[in-house]
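J.: predicted model follows, preceded by the sequence.
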Amino acid sequence: MLLRTLLTTALLATVTLGLAGPAGADPDIEVPGAQATEGEQFPQICLRAQVQTADLRLGKFRRAGGTLTEEPYADLSAFIASKPQIQPLTVTSYTTYADGLAKQIRCKGKSADHLTEVYGAQVAGAEGTCAEVNRVTLRQVARSLTGEERRALVYKPRRVVLDPDTPSATGQDWVADFPVAVRDPAGILHLPSKSLYVPLATPGIPEAFKGQHYCTLITHEYLKQVLLGAVQP
């Protein structure tokens with residue numbers, strides 16, 4: 001719990017404002033681990049996903065009394081039943097593994113419109129995408145590579161394609177199996193992402209299901225192994 005609190009404090013202190021940006025933008029997001037070297041810990045993806053997808057302006061969010069934490073789940077059924085909380089802002093996460101390596105992470109966060117309703121109109125901006133979260137993960141992994149690893153790359157980061165989000169209509173669809181990396185017939189590596197976005201004003205559903213933005217994402221560790229050819233997409 002202490003480590004998670006320290007990581008959250010560091011994240012809130014170092015993430016720049018306006019992370020999600022307009023479509024096609026390429027912001028340089030300053031988060032712990034963005035300049036990481038071999039052996040250093042990458043930042044928690046789901047905390048960053050919340051900041052990016054809601055374009056969360058952390059200074060204004062803090063001044064409005066906001067705090068941001070992550071609650072990881074080890075049990076899939078419990079994670080499926082979980083809901084992100086708006087106050088205090090709490091995202092939930094579930095990580096799947098392959099041969100002991102963290103492979104995919106699912107993040108449940110809150111939508112920008114719900115955040116602005118509770119904390120004020122200036123704390124969040126336009127809704128972002130899960131693909132943008134993957135894009136920053138790719139950048140962080142690329143920056144972490146040693147010279148030897150760069151020479152050994154099977155897939156060059158600058159040639160990796162970030163696919164648009166695959167939208168889900170229901171929670172059941174969102175938690176279904178989904179690839180984290182795909183190699184197309186031309187040999188180009190694609191990073192897909194899966195989203196479930198439910199604006200606060202969505203009619204005809206229970207209040208507990210409104211104001212959500214969920215992402216299915218690749219982990220730093222697995223992406224690095226894919227780029228190096230140690231695992232096959």
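T.: Received it, and whenever you're ready, just let me know what you need.
J.: please make it C-alpha for all contacts and neighbour counts, starting now.
T.: OK.
J.: all helices in this structure, in order from the N-terminus.
T.: Applying DSSP state H to the chain gives helices spanning 2-14, 45-53, 58-63, 76-81, 112-119, 130-144, 147-152, 171-174, 220-227.
J.: of all those helices, which lies closest to E207?
T.: E207 lies closest, by C-alpha to C-alpha, to one member of the helices of the chain: helix 112-119, at 11.3 Å.
J.: quick check: the gap between K224 and C215.
T.: K224 sits 20 Å away from C215, going by C-alpha to C-alpha, to the nearest Å.
J.: of these two, who's got more company?
T.: Neighbour comparison, K224 and C215: the larger count goes to C215, with 31 against 23 (by other C-alpha atoms under 10 Å).
J.: look up the pLDDT of P43 for me, please.
T.: On pLDDT, P43 comes in at 72.
J.: T129 reaches D165, doesn't it?
T.: Yes: between T129 and D165 there is a contact under C-alpha atoms under 8 Å: 6.9 Å.
J.: between those two, which one's more packed in?
T.: Looking at T129 and D165 with other C-alpha under 10 Å, you find the greater number of neighbours at T129, namely 25 against 18.
J.: any figure for the gap between that one and A81?
T.: Here T129 is placed at a distance of 23 Å from A81 (C-alpha to C-alpha).
J.: just for this structure, where's the confidence low?
T.: For the chain, the stretches flagged by pLDDT under 70 are 1-41.
J.: report the central residue of it.
T.: By C-alpha atoms, centre = their mean, the mean C-alpha position of the chain lies nearest to A49, the distance being 3.3 Å.
J.: with adjacent residues omitted, what lies nearest to it?
T.: Once flanking residues are discounted, A49 sits nearest to V133: 5.8 Å by C-alpha to C-alpha, 6 or more residues apart in numbering.
J.: identify the residues contacting that neighbour.
T.: I45, R48, A49, Q52, T53, L217 (C-alpha atoms under 8 Å, 6 or more residues apart in numbering).
J.: which of these lies closest to T96?
T.: Looking across the contacts of V133 and measuring by C-alpha to C-alpha, the closest to T96 is L217, at 10.6 Å.
J.: quick one: Q122 from L47, how far?
T.: Here the criterion is C-alpha to C-alpha. By it, Q122 lies 19 Å from L47.
J.: hmm, I typed the wrong one, I wanted A181.
T.: A181 is 22 Å from L47, by C-alpha to C-alpha.
J.: save the helices of the chain as a markdown table, and put in distance to H190 too.
T.: Below are those laid out as a markdown table (distance: least, C-alpha to C-alpha, whole Å):
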| stretch | distance to H190 |
| --- | --- |
| helix 2-14 | 28 |
| helix 45-53 | 19 |
| helix 58-63 | 31 |
| helix 76-81 | 26 |
| helix 112-119 | 27 |
| helix 130-144 | 11 |
| helix 147-152 | 19 |
| helix 171-174 | 19 |
| helix 220-227 | 11 |
